[in-house]
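Chemist: Predicted structure and sequence below. I'll ask about it afterward.
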Amino acid sequence: MISSSDTFEMPMQAFVISRELDAPRELVFRVWTEAGHLANWWGPAGVDIQVEQLELRPGGIFHYKLTSPDGGELWAKFVYRQIVPPERLVYTSAFSNPDGETVRAPFSDTFPLEILNTLTFTEHEGRTLVTLRGVPLDVSKAEQELFESMFESMQEGFGDTFDKLDNYLEQLRA
């Protein structure tokens, strides 16, 4: 159930995206959990990333800044809840300010403050299936509806990010 001051009951629809990568699970897990790797591929196409902090532990944070070609900046963070190498990462994601404090999304006052993400890594014959499942935490009906209305846009953004990851893994294999 979703909780907030104006709670409602409705089935929670999760955002889900998967990608099969031509790399072993241990490598894919490392590139998701090490600052030096993330700095080479995380974020949508055309956007640069600066890793401010990465502490891979429950309660630890991945705090980063994305810079668009026009110089626009966007800060965000993960707060890790569960780490099961090389099988699963569970973390909340949120927009942040440069100090790492959670803030509203710059594009909407009704986008959820936090998304709980479960990222799984499944290997089969040297290839890895990565699946991301995200649900908003502590949201109003309006926040849930906006989150669900953005699934197509999020598919595109994460698709770009997965493309960058795939290209980065190819460079590592070369």
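Modeler: All right, it came through fine.
Chemist: K77 contacts P98, correct?
Modeler: No: judged on Cβ atoms under 8 Å, K77 makes no contact with P98 at a distance of 10.8 Å. (C-beta placed from N, C-alpha, C; glycine too.)
Chemist: Next, give phi and psi for Q144.
Modeler: The phi/psi pair for Q144 (degrees, to the nearest 10) reads phi -60, psi -40.
Chemist: The top strand by length along the chain: which residues count as buried?
Modeler: Longest strand in the chain by number of residues (criterion: DSSP state E): strand 73-84. Buried positions in strand 73-84, judged by neighbour count with 16 or more other Cβ atoms under 10 Å: L74, W75, A76, K77, F78, V79, Y80, I83.
Chemist: cool, stretch 160-174 as well?
Modeler: Here stretch 160-174 shows T161, F162, K164, L165, Y168, L169 as buried, counting by 16+ other Cβ under 10 Å.
Chemist: So what touches that stretch?
Modeler: Stretch 160-174 is touched from outside by 17, 19, 21-23, 27-28, 31, 37, 40-45, 130, with contacts defined as Cβ atoms under 8 Å, 6 or more residues apart in numbering.
Chemist: how does it look with 10 Å?
Modeler: Stretch 160-174 is contacted from outside by 17-24, 27-28, 30-32, 37-38, 40-47, 49, 128, 130, 132, 158, using Cβ atoms under 10 Å, 6 or more residues apart in numbering.
Chemist: Kindly tell me how buried V28 is, as a neighbour count.
Modeler: 23 (other Cβ atoms under 10 Å).
Chemist: Please, where are all the helices along this structure?
Modeler: Assignment of helices within the chain using DSSP state H yields the ranges 25-33, 35-38, 141-149, 151-173.
Chemist: Alpha carbons of the first one, as CSV, please.
Modeler: Spelled out, it's helix 25-33. Taking C-alpha atoms only, helix 25-33 is exported to CSV below (Å, rounded to 0.1, in the frame of the first residue of the first chain):
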residue,chain,number,x,y,z
ARG,A,25,27.6,-11.3,-14.6
GLU,A,26,30.6,-10.5,-12.3
LEU,A,27,31.9,-7.9,-14.8
VAL,A,28,28.4,-6.4,-15.3
PHE,A,29,27.9,-6.2,-11.5
ARG,A,30,31.3,-4.4,-11.2
VAL,A,31,30.6,-1.8,-13.8
TRP,A,32,27.3,-1.0,-11.9
THR,A,33,29.1,-0.7,-8.5
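Chemist: Correct me if wrong: D138 contacts M12.
Modeler: No: using Cβ atoms under 10 Å, D138 makes no contact with M12, being 11.8 Å away.
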